[in-house]
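J.: need coordinates for the following:
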Amino acid sequence: MASSLGKKVVKGGIWVFTLRGTQRLFSFVRLIILARILAPADFGLMGIALLTMAALNTFSQTGFQTALIQKKEDIKSYLDAAWTVTIIRGIILFLILYFIAPYAATFFKSPKALSIIKVIGFSFLIQAFTNIGVVYFQKELEFNKQFIYHFTGTI
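T.: Prediction:
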């Protein structure tokens with residue numbers, strides 16, 4: 001059993017490494033494309049919006065996925081509650097970002113960033129509806145399935 005678990009861990013590690021590398025590569029390509037398409041000022045506006053969103057996201061992590069992965073018994077009964085909390089979090093973050101957008105635009109001395117920050121806040125709503133059941137991939141060390149799930153979303 002220990003040998004089987006060890007093989008799963010090594011195989012999972014390879015898949016996670018591949019996933020992270022692929023995500024970084026696609027992010028780099030996306031960044032290059034945006035840099036070519038957008039004017040420097042517009043690229044800066046996107047940076048302001050993404051920075052505001054990332055700051056809000058960082059300070060509001062719930063840790064439900066980590067808790068579900070670490071839970072020893074079956075987590076099926078917890079998935080609905082975790083998904084509901086994730087949706088509520090997405091709605092709240094969207095509303096917060098929408099209402100702090102004027103202050104963020106003022107802080108960065110960039111009035112044009114106001115509408116971009118408001119629009120980019122919709123990504124909180126979209127992310128809130130992602131399938132919480134993917135925690136099974138990590139819980140069961142099925143990182144190949146996690147790779148496929150995230151890779152198709154990245155494309």
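J.: what are the buried residues along stretch 67-81?
T.: 68, 75, 78-79 (16 or more other C-beta atoms under 10 Å). No exception for glycine: its C-beta is placed from N, CA and C like everyone else's.
J.: starting at the chain centroid, how far to the helix ranked longest in the chain?
T.: With secondary structure taken from DSSP state H, the chain has its longest helix at helix 2-37. Computed by C-alpha atoms, centre = their mean, to the nearest Å, the chain-centroid distance of helix 2-37 equals 14 Å.
J.: helices and strands of this structure: which one has the lowest mean pLDDT?
T.: Taking mean pLDDT, DSSP states H and E as the measure, helix 143-154 is the helix or strand of the chain with the lowest mean score, a mean of 75.
J.: contacting residues around that helix?
T.: 11-13, 15-16, 18-19, 22-23, 26, 134, 137-138 (C-beta atoms under 8 Å, 6 or more residues apart in numbering).
J.: and of those, the nearest to Val119?
T.: Nearest to Val119 among the contacts of helix 143-154, counting by C-beta to C-beta, is Phe26 at 22.0 Å.
J.: rewinding a little: so the least confident helix or strand of the chain versus helix 2-37, what angle?
T.: 10 degrees (axes from the mean of the first three to the mean of the last three C-alpha atoms, to 10 degrees).
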